[in-house]
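>>> output the structure for:
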Amino acid sequence: MVDLSIIIVSWNVADLLALCLKSIFERPNDKLRIEVIVVDSASTDNSVAMVQKRFPKVKLLPQSENLGFVRCNNLAFKIAQGRHILMLNPDTEIVGNALSHMVDYLDVKSDVGIIGPRTLNSDGSAQSTRRRFPTLMVAFFESTWLQPFAPKSLLDHYYVAESPDDGVFDVDWVQGSALMARHEVYEQIGGLDEGYVMFSEELDWCKRAKNAGWRVVYFGSMQIIHHGGKSTDQAVAHRHIYFQESKLRYFRKYHGRVTAYFLRAFLLLNYLWQIALESGKSLLGHKREMRRERIKAYWQILRSGLKVS
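Below is the predicted model of the structure:
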């Protein structure tokens with residue numbers, strides 16, 4: 001029997017994917033029985049050839065078109081044989097024997113459905129990956145130009161900042177860059193909601209898991225390194241659109257359409273304000289090329305309308 005199915009969705013990050021797979025297959029000796037499933041979302045670099053040549057044990061699912069992060073994960077879920085499943089970003093590296101300890105924890109804690117490890121940035125600093133469920137007030141501030149002006153207590157509560165980075169404790173949701181779940185959770189609540197292309201899909205999945213009675217735990221005693229956003233850096237405007245539309249979908253599902261459309265209006269005004277701000281700075285001659293690129297991206301976001309699905 002397979003103990004752990006590791007699912008990696010990759011797009012044009014061959015070098016980082018190689019580091020990720022190397023960290024999995026060269027981890028310290030343990031008895032963990034694993035399978036690794038890589039879903040390549042129509043990469044145009046040498047990702048597929050690299051995996052075939054260097055990591056023949058990987059179950060490779062190359063796609064002929066970019067299906068998006070969520071749909072690709074669901075393809076892998078359907079064939080995963082492990083007692084537990086790990087969704088892992090391609091720009092991550094496993095530290096030490098984190099995987100075996102996470103599996104052991106799930107084996108002991110039968111009421112825990114999902115866990116996420118402590119995550120480090122490339123420079124070794126801590127990356128915040130544990131959360132409480134967002135309120136509408138959090139949505140207004142978090143990841144908008146207003147974030148620096150948010151009440152400290154509001155975002156500290158959302159980020160579970162009162163708890164230590166190396167602790168082990170219950171949370172509402174953990175980041176999908178490294179999220180381990182029982183196969184039973186998938187069997188009970190199904191896969192990721194394909195209404196999300198990327199972003200907030202793990203928030204939604206953890207919400208559904210908790211609603212079904214499972215605990216979600218931040219497992220800070222084990223670590224991964226997350227180099228962060230290397231695939232989405234390739235499409236800045238689309239990253240913003242997917243992020244905000246995913247936020248809107250979550251609030252529509254769990255707080256109603258009126259709340260979602262109110263949030264949508266705020267977000268569109270936010271990008272309109274950012275265009276005005278960047279235009280003013282450009283006129284003053286401050287980093288004009290960068291300002292022009294930002295204005296172009298923000299206009300693209302406004303033209304999208306940020307649909308509520």
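
>>> how many residues are close by Y242?
For Y242, the count of nearby residues is 20 (other Cβ atoms under 10 Å). Where you see a C-beta, it was placed from the backbone N, CA and C, and this is true even at glycine.

>>> in stretch 46-56, what's buried?
Of all the residues in stretch 46-56, those buried under the rule 16 or more other Cβ atoms under 10 Å are S47, V48, M50, V51, F55.

>>> mind listing what the residue nearest to H84 when sequence neighbours are not counted touches?
The shortest distance from H84 to any non-neighbouring residue, by Cβ to Cβ, 6 or more residues apart in numbering, is to L4 (5.1 Å). Residues counted as contacts of L4 (Cβ atoms under 8 Å, 6 or more residues apart in numbering) are L32, R33, I34, E35, G82, R83, H84, I85, L86, L99, V103, M180.

>>> who's in contact with the third one?
When contacts are counted by Cβ under 8 Å, 6+ apart, I34 touches V2, D3, L4, S5, I6, I24, G82, L99.

>>> mind giving me the ChimeraX select for those, buried ones only?
Of those, the buried ones can be selected in ChimeraX as follows, counting by 16+ other Cβ under 10 Å:
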select :3,4,5,6,24,82,99
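
>>> and of the contacts of I34, the nearest to N74?
Nearest to N74, judged by Cβ to Cβ, of those is S5 at 13.2 Å.

>>> in a strand, that closest one, correct?
Yes: using DSSP: H, G, I helix; E, B strand; the rest coil, the assignment for S5 is a strand.

>>> tell me where the model's unsure across the stretch 201-309 of the chain.
When residues are selected by pLDDT under 70, those of the stretch 201-309 of the chain lie in 229-235.

>>> rerun that using 90 as the cut-off
228-240, 242, 274, 277-298 (pLDDT under 90).

>>> show me where it has its helices.
Here the stretch 201-309 of the chain has its helices, by DSSP state H, counting those that start in this stretch, at 201-211, 236-255, 257-283, 288-304.

>>> again with the stretch 1-150 of the chain
Going by DSSP H, counting those that start in this stretch, the stretch 1-150 of the chain shows helices at 14-25, 47-54, 69-79, 98-108, 136-141.

>>> for the first one, C-alpha coordinates in PDB please.
Spelled out, that is helix 14-25. Presented in PDB, the C-alpha positions along helix 14-25 are these (Å, rounded to 0.1, in the frame of the first residue of the first chain):
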ATOM      1  CA  ALA A  14      11.800  22.900 -15.000                       C
ATOM      2  CA  ASP A  15      14.800  23.900 -12.800                       C
ATOM      3  CA  LEU A  16      12.800  24.400  -9.700                       C
ATOM      4  CA  LEU A  17      10.700  21.300 -10.300                       C
ATOM      5  CA  ALA A  18      14.000  19.300 -10.500                       C
ATOM      6  CA  LEU A  19      15.100  20.600  -7.100                       C
ATOM      7  CA  CYS A  20      11.700  19.800  -5.700                       C
ATOM      8  CA  LEU A  21      11.800  16.200  -7.000                       C
ATOM      9  CA  LYS A  22      15.400  15.800  -5.900                       C
ATOM     10  CA  SER A  23      14.400  16.800  -2.300                       C
ATOM     11  CA  ILE A  24      11.700  14.200  -2.400                       C
ATOM     12  CA  PHE A  25      13.700  11.200  -3.700                       C
END
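
>>> not counting its neighbours along the chain, what's nearest the residue nearest the centre of the chain?
For the chain, G176 is the residue whose C-alpha lies nearest the centre (Cα atoms, centre = their mean; 3.7 Å). Leaving aside its chain neighbours, G176 sits nearest to E202 (3.3 Å; criterion: Cβ to Cβ, 6+ apart).

>>> how many neighbouring residues does that neighbour have?
Neighbour count for E202, taken as other Cβ under 10 Å: 24.

>>> which residues does it contact?
M87, W173, V174, Q175, G176, L179, L192.

>>> make JSON lines out of the buried residues of stretch 46-56 and add distance to D15.
What follows is the buried residues of stretch 46-56, written out as JSON lines (distance: Cβ to Cβ, whole Å):
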{"residue": "S47", "distance to D15": "9"}
{"residue": "V48", "distance to D15": "14"}
{"residue": "M50", "distance to D15": "9"}
{"residue": "V51", "distance to D15": "12"}
{"residue": "F55", "distance to D15": "13"}
